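J.: dropping the sequence and predicted coords here.
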Amino acid sequence: MRWSAFEELTAVEVHDLLRLRSLVFVVEQACVFAEIDGCDPQAIHLRQFVGEDLAGCLRILRDEDAVRIGRVATAAAYRGRGYGHDMMAEALRYAAECFSGRAIVVSAQAHLEAFYGRHGFVAASAPYDEDGIAHIDMRRAGSPGS
């Protein structure tokens, strides 16, 4: 796994990151929305590789009162192998180290509530519609840094 600030990514790496997210969120989920949302330059990006293949990614943004994990995506060919859980564990480790004590939030697709629950997140909202997909806000209390 590799952490990178946006400005550290090469043009090819940005392309690969956006391609994976577009395949997962726009093509597979048939959800037309602005995947390029202007937040990536302020985010820290985690990329999961299998050999040279980009198998998954996520990003972390720091809000005023919390750390936001988002755009969690695993390539179809690599699902069911635990990479999503590995990335989430690494994101939580990073958040505890770099943003000690801050709550961590996700806007989760509702069908993934149990996935995030395994990582200590609890529902913080009622389900709501976002771009035609049911979502739920989830929150995890901040941990002291290591």
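T.: Received the coordinates, thanks.
J.: so for stretch 41-51, mean pLDDT?
T.: The pLDDT scores in stretch 41-51 average 97.
J.: how near is V72 to I36?
T.: V72 sits at a distance of 17 Å from I36 (criterion: Cβ to Cβ, to the nearest Å). Just so you know, the C-beta spots here come from the backbone N, C-alpha and C atoms, and that holds for glycine as well.
J.: the more surrounded of these two?
T.: Neighbours were counted for V72 and for I36 using other Cβ atoms under 10 Å; V72 has more, 22 against 10.
J.: for that one, give its distance to V27.
T.: Applying Cβ to Cβ, the value for V72 to V27 is 17 Å.
J.: go on, G132?
T.: G132 is 14 Å from V27, where distance means Cβ to Cβ.
J.: list the buried ones in the worst-scoring helix or strand of the chain on mean pLDDT?
T.: Using mean pLDDT, DSSP states H and E, the weakest-scoring helix or strand in the chain turns out to be strand 128-130, at a mean of 92. Buried residues in strand 128-130, counted by 16 or more other Cβ atoms under 10 Å: none are found.
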